[in-house]
Every structure is written in C-alpha cells, then in structure tokens.
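Novice: Give me a model of this one.
(2 chains, ligands or ions: 2)
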Amino acid sequence: MLMTNLNSLAIGEAAVITLLTAEVRLQQQLCALGFRPGRQVSVVRKAGFSGPLHLRMGVTEVMLRRREAQQVYVVSVEPEHDDETDCSVGGAEYR
Amino acid sequence: MKRIAVLGAPNTGKSTFFNRLTGANANIGNWPGITVELAMAHVQLKNEQVEIIDLPGIYDLQGLSEDEAIVRQFLSITPLHLVLIVINTSQIDHQLNLVLQVKHLHLPTVLLLNMADEATTFGVSVNSQKIARNLGIPVVALSAKYGQGYALAYDTIAHALNQQQQPVHLGSLEERRVAESQITEELEGLLQETVEFFTHPQETWTQRLDRVLLHPIWGLPILFGALFLTFQAIYFLAAPWQNWIEVGLHGLKVVVLEPLLAGLPPFPKSFLLEGLYDGVGTVIAFDPLITLFFFGMAVLEDSGYLSRAAFLTDGLMQRLGLDGRSFVMSMRGFGCNLPAVMGIRVMQSTNLRLLSMLILPFSLCPGRLNVFIFITAALFSTTTAPLVLVSLYGFSLAATVLSAFLLKGCFPHQESFILELPPYRFPTFKQVLLRAWYEVHHFLRWSYRFIISGVVLIWLLNHLPWNAPAMSSQTLGGMLGQATQPFMAPIGIDAQLAVTLIFGIFAKEVILGGLTLIYQQMSGATDLMGAIAGQIDWVQAFSFMLFTLLYLPCLSTLALLKSEANSIRFVLMAMVWSLGLAWTSSFIFYQSARALGF
Ligand SMILES: Nc1nc2c(ncn2[C@@H]2O[C@H](COP(=O)(O)OP(=O)(O)OP(=O)(O)O)[C@@H](O)[C@H]2O)c(=O)[nH]1
Ligand SMILES: [Mg+2]
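Specialist: Ligands and ions are numbered 1, 2, ... in the order given. Modelled structure (predicted):
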C-alpha cells in the first residue's frame, strides 16, 4: 500500500495515519484531537475556496487546513476493512 | 476554605457542570474556547464551604497557547484540595491523554465522564468502574446538561473533598512530567480494557444536517441568508415592543411628570424632562431589541453552527490573513464586541490576534444598531429604511474585509488552524433564558451609567454658560462643535451632531440620547422625528451613520483592546486607523452624493 498525505485523499476515502511530520506545536494540537499513528481517518468533505478538510475519526469530527493535512501521512484502506490494531472507531461508519 | 478546580479539554461541559454545581452563570456555548478567563464561585458542598474555579479548556498540559499557559500557571501556584477533570465521553479515546497527564501530577482527582447522554447515541460504552480501579481515582458518568448522574457526582465530590484536609501545592509541573510515549502506552492499554465502540450504520442527524449546511455551493449563501433572516426577525419582533414603550413613556411624561414638575423653574424642569427623561427614554425603548439580540446569540453559540461558520469561511479568511475563528468572532461581535475580543485569546500567534483585534470593532453591535434604527426611521420611508440598515451591515463587513486586506502585510504569521466540529446541540430553554437574562442585566447595569452621565453632560454643555441662549453656538457645546467643523463640515456633520459623537465614545447609546435631547429642544418637544428631518437631509444622515459605524469602538472595547494587546501603541494605532477609515468613507460618500446633485 502506498503512503500518501491526508490532503491527497478523495472525498469519502478512509486511511490509517502512519506518520506526523508537523512541527512541535502543530503536532501537539493534532495529537490532542486524536491524530495518532494507527488511527483511522476519513475525509467527509472539502470546503470551497481551497478551504479546510472535514475529517472524521471515530466519533470525533474536525476541520484541518489543506496545508496542515499535507503533514499527516497515511496509507489508504478500503472503507469496509476494519483494522484491528488501532482502536478501530472510524472507517466503517462512513457509508 | 477548600478549593476545587474544574479542568478539561475545551467544549466538554466544564462550565455547564460548574453552573449546575454553584448556581453561577458562566458562559456556555458549543464552541471550543467559550471560557477564556478563570471563573470563581463559592458554594456550600454538604457541610463545607468551597471555592470552585472554572478553568478555560485545555487540550494538553504541555500546550503552547496562551490559555494553556494560564491554566498551567494556575495549577502550579494555587494550592488545591481537589481537581475535577471533565471529559466528553464520546471522545474518551483521545481525551484520556489529559487525564493521564493530570494523574501523574498526583493531585487528588475525580474524573467526570460528561455527556453520557450523547455517548449512548454515538455508540461509545465506557466501564467507569474499571477505569476508576485502573486509575485509582473516583470516576462518575453523568450529563451535566440534563442532570443524569449528577447526584452521584455530587456525593462523590463531597466525599473526596472530605478525605482531603490539606491542600496540595504543586510548584513546578515540569518536575512531575512524564514522557509522552509512556502516556500513550498507558492510554492504549486503558482503552483496550475499558471502552467499547459500536459502529453504527445510520447517519446521525448532525451528519445529515451538515450535508445541507456545509454544502460546497450552498453552504455560504445559507450562512449569510441565515444571518440576514435572524437580524430581520429580531428587528421585526422588537418593533412593537419598542412602540409600546415609547407610547408608555410619553404618556407617563404628559400625565404624571409634567404636572408634577410644573412648579419648577424652566431650567431644571427642562433638564429633567427633555434632558434626562427623554434622552434616557429613547435608549430604554431599544431594550427589547437588545434582549432579543442576546437571546439569538445564546442560541447561536450553543448550536454548534459557529464551528461550521468557521469551516465555511476559512478559505476566504485565509486570503485576508485571518482564519475561520476571526470570522466567528466577528459574528459574535454583532451581538457585542467585548466577548468577541476576549474570544480571540484561543489564537496562538500574536500577529493573528492583533490583526483580528483591529477588525473586530467594525462589527455592527446592537449599540450602533439602535442609533441607525432611530435615524433611518426619522429620515427614510418605511420601505427604504430596512434597506439602509442592510447597507450599513454591508459597510460593516466591507470595512472588516478592507482593513484586513490592507493591513495583513503588517501582521504576518504562520498559525495552523485545527478545529473540532462538535455535534449540533440545542440549548435547554432554561439555559437560554438564564443566559439572556444575565447578559441583559449586566449590559444594562453598566451601560446606563454611561448613558445617563453622557446625556447629562451633553445637556449641560448645550446650556452652559447660563447666560448663553440654550443650544446656541455661544454655549460650551456650541463652541466645542464649532471647533470640530474644519474636519466635520466636509463630511456633512454639523456642530451639534459632532458633539454627540464625542460623547458616543463612552457608549454608542449616548449618541441616541444626545440626538433626542438636541432635536427635542429645537422642535419644542412633540414631533421629534419631524425635527430631525427638518435639520438634516438623508445624505448628511447617512454620512453620519457611516461615521458612527466606523469611527471608534466604545470605551469598554478600547479598554479591553488595551489589556488584551498589552500595548498603548497598538490601541492608538487602532484608533487612528478606524478614525481615518471612518472619515475617508464618509468623505467619499458625502462629496460624491453632493456632486451627483443629491
Ligand atoms: N448533550 C450534552 N451536552 C452538554 C452536556 N454538558 C454540556 N453540554 C453542552 O456542551 C457544550 C459545551 O459546554 P460548556 O459548558 O460551554 O463547555 P466548556 O467545557 O466550559 O467549554 P470551554 O469553556 O470552551 O472550554 C454546550 O453546548 C453545552 O450545552 C451534557 O452533559 N450533554
Ligand atoms: Mg467553559
């Protein structure tokens, strides 16, 4: 499976976070909202005017700017496929 | 007295719990970062007198934003008997992080798993006994909003407090810090054992609603349409009340006050009736409008739509050197500039905060709206008046956008922006009522001090010295007004109007009171509206409103800007900028309208 960044996922696609390359401050904010390697995240929609992404991780929904999303690396998964190693809260929920 | 602190991530219901426990009236809203200051209340808990402190929400004990620093500072210097950690149960998978960090501080702690009602709906099931055993602290699941589990939480807290005779004084947090990797490991283990997530196939109603409200094309039009309709509705609902109050006040004056004061000499009589009574009366008539505004704000803030507004506008705001939060604060500024300026604290970059502080005061607050409604009613027909008001909202927005666009170069920053989109919530009726009542009460109490003194001052200025004919250019007010004319004549604002503007700095309502008493005197009472229309034409009036909208925020806002920016220079710059913008806009409008023959 190929590693890409979060920003290049299509709407409706789900992926598992593998690596955060952001600087300390951003990294902390991301962690605090649940972005950790192993967590599954899906892209719900993208705002117009190159606005932020609407992401879902389990029950939590957040918006993240595209520039910051580029610093989150992921590998895509099939939305139906439930990964057992993480707390597998996301994914299956979206469609 | 024993002391308890309420700690937790933003938007988890800390203030809701704090209010329930203490009967206080802290601000509640479905937006991370409603509480930005420590709130304190005293309460009798079983048989002990306790001081409870509601803290701003923090994501992380090591966090770098200003409010996180405030909380850290608080924890390290304040001796505490108990810490209540409030988390949103649905988000336990990452909020336990903070819980574990606090656990390693070895403070006496009670964990409250809040929003238990939502957790059930979202399919998150937590075994609170297991967590309690694992962490070695009492854990209670509850709903601070609706009350389930509250009694147990209350007993648990009282019991824990009873066990703790001496306060714990932390000193340095740094010394007790544990490696992040250890915390993560503990967290994973804890989750595995105690939490179950049930994925559920149907969409929640938040998801369904978001599909419409966050629609890529319709989202923004819906946002602006909804704002427009809300303002229209408030305006429409308040109008009859305003009318009744005006009629009532007038009746009271004619039937009771005039006969009562008939024996007084003309000077004090005119001061009391035309000065104080009418001046303040005009402002009172707008109170229903203000009340409805606060109602609307309470519902809006609690709905969760603010975060959606941030999502929709962030792309555009980014081009202005701002972000979605700046837009949300501008929106809150339409209710009152003060909480909006305070809300900026959640931003980390100083430059972003400063730029936001520069543009926020252009939000057309109800104080200014009062003045505009009054003037448009006097000078425009009933069909054009609402359009004029809408155009003023347009100018408010335009001034915001233009200022940000022109000044963003002076405030470069690299702030990242991540925001939780919480589920839609609806405030309970009691919540809204209490909140609106509290705001109105607070607002009226301090604003009337300004309004009464402002009105009295304007009246005195227009009547002193005693031997000068009232309202003439020989009075102090007349002279002051004349002195402004070199600047104000080119924008069509005459001496009298200029004097009201000077006092309008205290509070915009003073302008309203001032206008009333000046024109009341000129017309010899009765037809106030007619008197205004006889003195100035619509071009002057619009220029005056434009200037009023932009020239300076009220004194309280200026004082807040000063304390938030911690710089006199910044406040002076903000004042010069807004005065300059106001004068230029009015000048362009006034001169072109005249040149076009209006
Ligand atoms: N469903 C539900 N909603 C709740 C509960 N407790 C609080 N809320 C709502 O959650 C939102 C946040 O509440 P606040 O009390 O302002 O949260 P806070 O933790 O003080 O937030 P900050 O001050 O921003 O850190 C509001 O919309 C509340 O009405 C609860 O038990 N159940
Ligand atoms: Mg709060």
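Novice: and the residue nearest in space to the middle of chain A, what are its bridge partners?
Specialist: Closest to where the C-alpha atoms of chain A average out (CA atoms, centre = their mean) is A:Val41, at 3.7 Å. Beta bridges link A:Val41 to A:Ala15, judged by DSSP bridges.
Novice: quick one: it and ligand 1, what's the gap?
Specialist: 24 Å (CB to the nearest ligand atom, to the nearest Å). Using the backbone N, CA and C atoms, a C-beta is placed for each residue, glycine as well.
Novice: residues contacting that residue?
Specialist: In this structure, A:Val41 makes contact with A:6, A:14-17, A:35, A:55-57, A:74, A:90, judged by CB atoms under 8 Å, 6 or more residues apart in numbering or on different chains.
Novice: Name the member of the residues you listed with the most neighbours.
Specialist: Among the contacts of A:Val41, the one with the most neighbours (other CB atoms under 10 Å in any protein chain shown) is A:Gly90, at 28 neighbours.
Novice: residues in contact with the residue nearest to B:Gln166 when sequence neighbours are not counted?
Specialist: Excluding the flanking residues, the one nearest B:Gln166 by CB to CB, 6 or more residues apart in numbering or on different chains is B:His81, at 7.9 Å. Going by CB under 8 Å, 6+ apart, B:His81 touches B:2-4, B:50, B:108, B:161, B:164, B:166-168.
Novice: Which members of these are positioned in strands?
Specialist: If you go by DSSP state E, the contacts of B:His81 have B:2-4, B:50 in strands.
Novice: ok, of the contacts of B:His81, which come out buried?
Specialist: B:2-4, B:50, B:108, B:161, B:168 (16 or more other CB atoms under 10 Å in any protein chain shown).
Novice: for chain A, which spans come out with low pLDDT?
Specialist: Within chain A, the segments meeting pLDDT under 70 span A:1, A:78-95.
Novice: Just the helices from the stretch 301-450 of chain B, written as ranges.
Specialist: With helices called from DSSP state H, counting those that start in this stretch, the stretch 301-450 of chain B shows them at B:305-319, B:324-333, B:337-343, B:350-359, B:366-379, B:384-407, B:429-461.
Novice: can you list these in a markdown table and add mean neighbour count?
Specialist: Putting the helices of the stretch 301-450 of chain B into a markdown table (neighbours: other CB atoms under 10 Å in any protein chain shown) gives the following:
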| stretch | mean neighbour count |
| --- | --- |
| helix B:305-319 | 23 |
| helix B:324-333 | 26 |
| helix B:337-343 | 23 |
| helix B:350-359 | 22 |
| helix B:366-379 | 23 |
| helix B:384-407 | 17 |
| helix B:429-461 | 17 |
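Novice: which stretch among those comes nearest B:Leu229?
Specialist: Closest approach to B:Leu229 among those is made by helix B:384-407 (11.8 Å; CB to CB).
Novice: name the helices or strands packed onto the closest one?
Specialist: Judged by 3 or more CB pairs under 8 Å, 6 or more residues apart in numbering or on different chains; DSSP states H and E, helix B:384-407 is in contact with helix B:219-252, helix B:350-359, helix B:366-379, helix B:538-550, helix B:568-595.
Novice: can we see that at 6 Å?
Specialist: Contact here means 3 or more CB pairs under 6 Å, 6 or more residues apart in numbering or on different chains; DSSP states H and E; on that basis helix B:384-407 packs against helix B:350-359, helix B:366-379.
Novice: If you average pLDDT over each of those, which is lowest?
Specialist: Of all the helices and strands packed on helix B:384-407, the minimum mean pLDDT falls on helix B:366-379 (a mean of 90).
Novice: got the angle for it vs helix B:429-461?
Specialist: 60 degrees (axes from the mean of the first three to the mean of the last three CA atoms, to 10 degrees).
Novice: now helix B:366-379 and helix B:384-407, what's the angle there?
Specialist: Going by the same axes, to 10 degrees, helix B:366-379 makes 140 degrees with helix B:384-407.
Novice: Briefly note if the longest helix along chain A comes near ligand 1.
Specialist: Ranked by residue count and defined by DSSP state H, the top helix of chain A is helix A:24-32. No - shown here: helix A:24-32 not in contact with ligand 1 (CB under 6 Å from any ligand atom), separated by at least 12.9 Å.
Novice: just the angle between whichever strand or helix holds B:Thr484 and helix B:429-461, please?
Specialist: In the assignment (DSSP states H and E), B:Thr484 maps to helix B:476-488. Compare the direction of helix B:476-488 with that of helix B:429-461 by the same axes, to 10 degrees and you get 100 degrees.
Novice: now stretch B:514-529: mean pLDDT?
Specialist: 74.
Novice: And for stretch B:444-455?
Specialist: Averaging pLDDT residue by residue across stretch B:444-455 gives 81.
Novice: Give me the contacts around it.
Specialist: Identification of contacts with stretch B:444-455 by CB atoms under 6 Å, 6 or more residues apart in numbering or on different chains yields B:279, B:283, B:503, B:506-507, B:509-510, B:513.
Novice: One more: stretch B:238-247?
Specialist: By CB under 6 Å, 6+ apart, the residues outside stretch B:238-247 that reach it are B:285, B:288-289, B:292.
Novice: and what of stretch B:581-595?
Specialist: Contacts for stretch B:581-595 (CB under 6 Å, 6+ apart): B:490-492, B:539, B:543, B:546-547, B:550-551.
Novice: Can you list the buried residues in that stretch?
Specialist: So, applying 16+ other CB under 10 Å, buried residues of stretch B:581-595: B:581-583, B:585-587, B:589-590, B:593.
Novice: hmm, back to that, of all the helices of the stretch 301-450 of chain B, which one comes closest to ligand 2?
Specialist: Closest approach to ligand 2 among the helices of the stretch 301-450 of chain B is made by helix B:337-343 (11.7 Å; CB to the ion).
Novice: can you list contacts of that closest one?
Specialist: The contact list for helix B:337-343 (CB under 6 Å, 6+ apart) reads B:36, B:329, B:332-333, B:360-361, B:365, B:553, B:557, B:560.
Novice: Of the contacts of stretch B:444-455 - the most surrounded one?
Specialist: B:Gly513 (32 neighbours).
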